[in-house]
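**Q** attaching a predicted model along with its sequence, questions to come.
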Amino acid sequence: MVRFLIRRLLGGIFVVLVVTLAVFVLFGPVLRWNSNISPARLYAGKNPSPEQIERVSALLGLDKPYYVQYGYTLKRLVLGPSQEERERVCPGSTAAECDELLGRFGSSFAKQRSVDSLIWTHFPVTLSLTFVAAILWLLISIPIGIISAIRPRSIFDRVTIVFVLIGQSLPVYYFGLLALYFLAYRLGWFPLSGYEPLSNPGQWLYHLLLPGLVLALQFAAIYVRITRSQMLDTLSEDYVRTARAKGAGETRVIVRHAFRNAMLPIVTMFGLDLGLLLGGAILIEVTFGLQGLGWLAVQAAQRLDVPTTAGIVLFSAIIIVAANIVVDIVNATLDPRIRLE
Amino acid sequence: MSEPILRATGVTIGFPVTRGIIFQREVGRVQAVDGVDLELHAGETLAIVGESGCGKTTLARGLVRLQSIDAGTIEYLGEDITRRSGRGLTDFRRQVTMIFQDPIASLDPRMRIGQSVQEPLDIHGIGTPVERKRRVQEAMERVGLNPEHYNRFPHEFSGGQRQRIGIARAVVMEPRVIVCDEPVSALDVSVQAQIVNLLEDLQRDLGLSYIVIAHDLDVVRRLADRVKVMYLGRVVEEGTGEQVYTAPRHPYSSALLAARPVADPVRARSQQRIVLEGDVPSPLNPPSGCRFHPRCPVAQPSCAQEDPRLEHAADGHGWACAYPLEP
């Protein structure tokens, strides 16, 4: 188990390293050659003189060769901003104040803040949205999937399949706007937009319920399908027949034998989807004016805020890698046939 | 003879054949089992043999009510259990258990084997938790498993051991009857003999009655007191092992016996082979008259019209053939 974890962590670190390289190349040299966008120019403010640009270049270290820049980026990502940089950028301020300006992911061009502090401001919104949506979609899809599998080709099953198809085909921004217009604007059941922190749980849930539901329906559609097909598979397994021969009642057969085995692939997919969503649910966050990571990414990209965009990409990559490792561990605990050595 | 433990009369089991995706309609019925009678007495082993698709597994599943029965009755100790459900059915399943063909697939991969063996006791609420565990360990010991392996998972065992787990699960309820559906056909030949011996030992020690479904005629010969030969959902010949093996009367039984591999090459060469032409006809559209006549080496024109009934000789040997072979 420990050896597996170490191996898996090393693998994860390697993947993240590759991502940092890709991000660096894309947002550094490629951006510069391809679009003639120089970070120094962006940073220097409106209509800068060539001297100003040169000064900024030197300040940011952009006059150094790329490999030196990449080395510095990596060093900062692992160790945090250097003492020398701290003294240069925020002399005389406390460590906490300086953390606002400097971070592992660099500093935003658009705001006088570090990318780290931006991410930590906006991440709770995405986390809350994902949490609410995930609970909703599991609550919706698993019971429906199981019932459909128990009575395949029944009326319930067929109606479900139609709804699944609709849920999968409707884009969230369209469905989200419809929901906003009818449920929030016309009926006034939900707020039109915004986010309330968890310190006020009632308001928090009230603001997240509609976006969570719209997001959940999209995912529920897929999860109904997997639950149904997995249940159909396990229900025809020999050990389910064995359980019936033991005299087990239908509930026991379905819950203890069929679903326990059917849930393995569902857990895998759930973990990976969570990782994906935590990197920012761009469409839904923009539609519902939730200022999460996805919303931040869109803002940053529109303002050519290169460090912020790159930082979010890297952050999402780390979350997805972590989600993969967690999924492996959870699977190994759920399925005795998987050995982690 | 005394009253049989299990008696089936005219058991018929069919499956619907449907067409259409949205509006399904039944276009026909496959008669997998067509009017089969059987009687099982205490302490005896009854074997049902036949080739793939003859309905023997469906019959076995019907006998333990894992499969619904279209017509006919099943009596256990003189009581009709054909239409029982709920508690009554649960009680029946305490007395009649089943061993399955594929020991790997028949065990829930996420259950420890002790739990798996114990589950019937839990379901039927037998004894206290401590007693249950003791009974499970006794059953494991009885079938030659180490009771200390109680907490292991199925994938940690070999094929033969897994079949022993399946047998432990079947005997832990202290049943009267065990229906064995191809108990050894998924196992290596070397392991088959061990399992056959185990089944015999259990029968002697616990006074069990077996119904053995098999296509391996040598295993059947070894285990069975009486044999029924099935073809296309019907019994075509029945009798003691001795009667059916040494003096088959139905051409199908004799062809089946002739197809058996013989270990001695000299004897194998001298043995007369009867090779049946063609495949088993579709049970959806069974042949007219005698169901075996299109493949029968001795068929007469009248066989296409007349459906022979199962006739019994004085010694209990029965066959369904208008032109039986000379013994």
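**A** Ah, there it is. Residues are numbered from 1 along each chain as shown, chains lettered A, B, ... in the order given.

**Q** shaky segments in chain A?
**A** A:34-37, A:339-341 (pLDDT under 70).

**Q** and it, which residues reach chain B?
**A** Contact residues (CB under 8 Å from any CB of the partner chain) of chain A with chain B: A:153, A:158, A:237-239, A:241-249, A:252, A:257, A:260-261, A:334-337. Quick note: C-beta positions are derived from backbone N, CA and C, even for glycine.

**Q** hmm, 7 Å instead?
**A** Residues of chain A lying close to chain B (CB under 7 Å from any CB of the partner chain) are A:237-239, A:241-242, A:244-248, A:252, A:257, A:260-261, A:335-337.

**Q** among those residues, name the buried ones.
**A** A:237-239, A:241-242, A:244-248, A:252, A:257, A:260-261, A:335-336 (16 or more other CB atoms under 10 Å in any protein chain shown).

**Q** contacts for the lengthiest helix in chain B?
**A** Longest helix in chain B, counting residues (DSSP state H): helix B:189-206. Residues from elsewhere that reach helix B:189-206, judged by CB atoms under 7 Å, 6 or more residues apart in numbering or on different chains: B:45, B:143-144, B:159-160, B:163, B:167, B:171, B:183-184, B:187, B:208, B:210, B:219, B:222-223.

**Q** how about a cut-off of 10 Å?
**A** Here helix B:189-206 makes contact (CB atoms under 10 Å, 6 or more residues apart in numbering or on different chains) with B:43-45, B:99, B:103, B:142-144, B:158-161, B:163-164, B:166-167, B:170-171, B:174-176, B:178, B:180, B:183-188, B:208-210, B:212, B:216, B:218-219, B:222-223.

**Q** could you pull up the mean pLDDT of that helix?
**A** The average pLDDT within helix B:189-206 is 92.

**Q** the contacts of helix B:189-206 in helices, which ones?
**A** Those of the contacts of helix B:189-206 lying in helices (DSSP H): B:142, B:159-161, B:163-164, B:166-167, B:170-171, B:218-219, B:222-223.

**Q** sort out which residues of stretch A:213-222 are buried, please.
**A** A:Leu213, A:Val214, A:Leu215, A:Ala216, A:Leu217, A:Gln218, A:Phe219, A:Ala220, A:Ala221, A:Ile222.

**Q** oh, that last question was meant for stretch A:44-58, not what I typed.
**A** So, applying 16+ other CB under 10 Å, buried residues of stretch A:44-58: A:Ala44, A:Pro48, A:Ile53, A:Val56, A:Ser57.

**Q** and for stretch B:87-103?
**A** Neighbour-count burial for stretch B:87-103 [16+ other CB under 10 Å]: B:90, B:92-103.

**Q** could you do stretch A:55-72 as well?
**A** Those would be A:Val56, A:Ser57, A:Leu60, A:Leu62, A:Gln69, A:Tyr70, for stretch A:55-72 by 16+ other CB under 10 Å.

**Q** so which residues make contact with it?
**A** A:20-21, A:24-25, A:28-29, A:32, A:38-45, A:48-49, A:53-54, A:73, A:82, A:85, A:88-89, A:106-107, A:307.

**Q** reformat the buried residues of stretch A:213-222 as CSV; add distance to B:Cys54 and secondary structure.
**A** Shown next, in CSV, are those (distance: CB to CB, whole Å; DSSP: H, G, I helix; E, B strand; the rest coil):
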residue, distance to B:Cys54, secondary structure
A:Leu213, 55, helix
A:Val214, 56, helix
A:Leu215, 54, helix
A:Ala216, 51, helix
A:Leu217, 50, helix
A:Gln218, 50, helix
A:Phe219, 48, helix
A:Ala220, 46, helix
A:Ala221, 45, helix
A:Ile222, 43, helix
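
**Q** mind putting these into TSV with distance to B:Gln192?
**A** Listed next are those as TSV, based on distance: CB to CB, whole Å:
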residue	distance to B:Gln192
A:Leu213	58
A:Val214	59
A:Leu215	56
A:Ala216	53
A:Leu217	54
A:Gln218	54
A:Phe219	50
A:Ala220	49
A:Ala221	49
A:Ile222	46
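
**Q** between the residues you listed, which is nearest chain B?
**A** A:Ala221 (20.5 Å; CB to the nearest CB).

**Q** and the helix or strand A:Leu264 falls within, what does it pack onto?
**A** Using DSSP states H and E, A:Leu264 falls within helix A:260-278. Packing partners of helix A:260-278 (3 or more CB pairs under 10 Å, 6 or more residues apart in numbering or on different chains; DSSP states H and E): helix A:115-150, helix A:201-235, helix A:293-302, helix A:306-334.

**Q** would you list those helices in a markdown table and tack on distance to B:Arg132?
**A** Shown next, in a markdown table, are these (distance: least, CB to CB, whole Å):
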| stretch | distance to B:Arg132 |
| --- | --- |
| helix A:115-150 | 29 |
| helix A:201-235 | 26 |
| helix A:293-302 | 53 |
| helix A:306-334 | 25 |
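
**Q** enumerate every residue touching residue 99.
**A** Defaulting to chain A. Counting by CB under 10 Å, 6+ apart, A:Asp99 touches A:Gly80, A:Pro81, A:Arg86, A:Cys90, A:Ser93, A:Arg113, A:Ser114, A:Asp116, A:Ser117, A:Trp120.

**Q** actually, chain B is the one I wanted.
**A** A:242, A:245, B:106, B:163, B:166-167, B:169-171, B:178-184, B:195, B:199, B:210, B:212-213.

**Q** for B:Gly239, phi and psi?
**A** Main-chain torsions, B:Gly239, degrees, to the nearest 10: phi 170, psi -170.

**Q** quick check: pLDDT value at the spatially closest residue to it that is not a sequence neighbour.
**A** Residue nearest to B:Gly239 in three dimensions, not counting chain neighbours: B:His317, with 3.8 Å by CB to CB, 6 or more residues apart in numbering or on different chains. pLDDT, B:His317: 92.

**Q** wait, B:His317 sits on B:Gly241?
**A** No. In terms of CB atoms under 10 Å, B:His317 does not count as a neighbour of B:Gly241; the distance is 11.2 Å.

**Q** now do stretch B:103-111: distance to the chain's middle.
**A** Centre-to-centre, stretch B:103-111 and its host chain are 21 Å apart (CA atoms, centre = their mean, to the nearest Å).

**Q** make that stretch A:137-156, sorry
**A** 27 Å.

**Q** pull it out as PDB, backbone CA atoms only.
**A** Included here for stretch A:137-156 are C-alpha records, laid out as PDB according to Å, rounded to 0.1, in the frame of the first residue of the first chain:
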ATOM      1  CA  TRP A 137     -26.900  14.000  -9.300                       C
ATOM      2  CA  LEU A 138     -26.100  10.900  -7.200                       C
ATOM      3  CA  LEU A 139     -29.500  11.200  -5.400                       C
ATOM      4  CA  ILE A 140     -31.300  11.500  -8.700                       C
ATOM      5  CA  SER A 141     -29.400   9.100 -10.900                       C
ATOM      6  CA  ILE A 142     -28.700   6.100  -8.700                       C
ATOM      7  CA  PRO A 143     -32.200   5.200  -7.600                       C
ATOM      8  CA  ILE A 144     -33.500   5.800 -11.200                       C
ATOM      9  CA  GLY A 145     -30.800   3.700 -12.700                       C
ATOM     10  CA  ILE A 146     -31.400   0.900 -10.300                       C
ATOM     11  CA  ILE A 147     -35.200   0.900 -10.900                       C
ATOM     12  CA  SER A 148     -34.700   1.000 -14.700                       C
ATOM     13  CA  ALA A 149     -32.400  -2.000 -14.400                       C
ATOM     14  CA  ILE A 150     -34.800  -4.000 -12.300                       C
ATOM     15  CA  ARG A 151     -37.500  -3.500 -14.800                       C
ATOM     16  CA  PRO A 152     -35.800  -3.100 -18.200                       C
ATOM     17  CA  ARG A 153     -38.000  -2.200 -21.100                       C
ATOM     18  CA  SER A 154     -40.800  -1.200 -18.700                       C
ATOM     19  CA  ILE A 155     -42.600   2.100 -19.200                       C
ATOM     20  CA  PHE A 156     -40.500   3.700 -16.500                       C
END
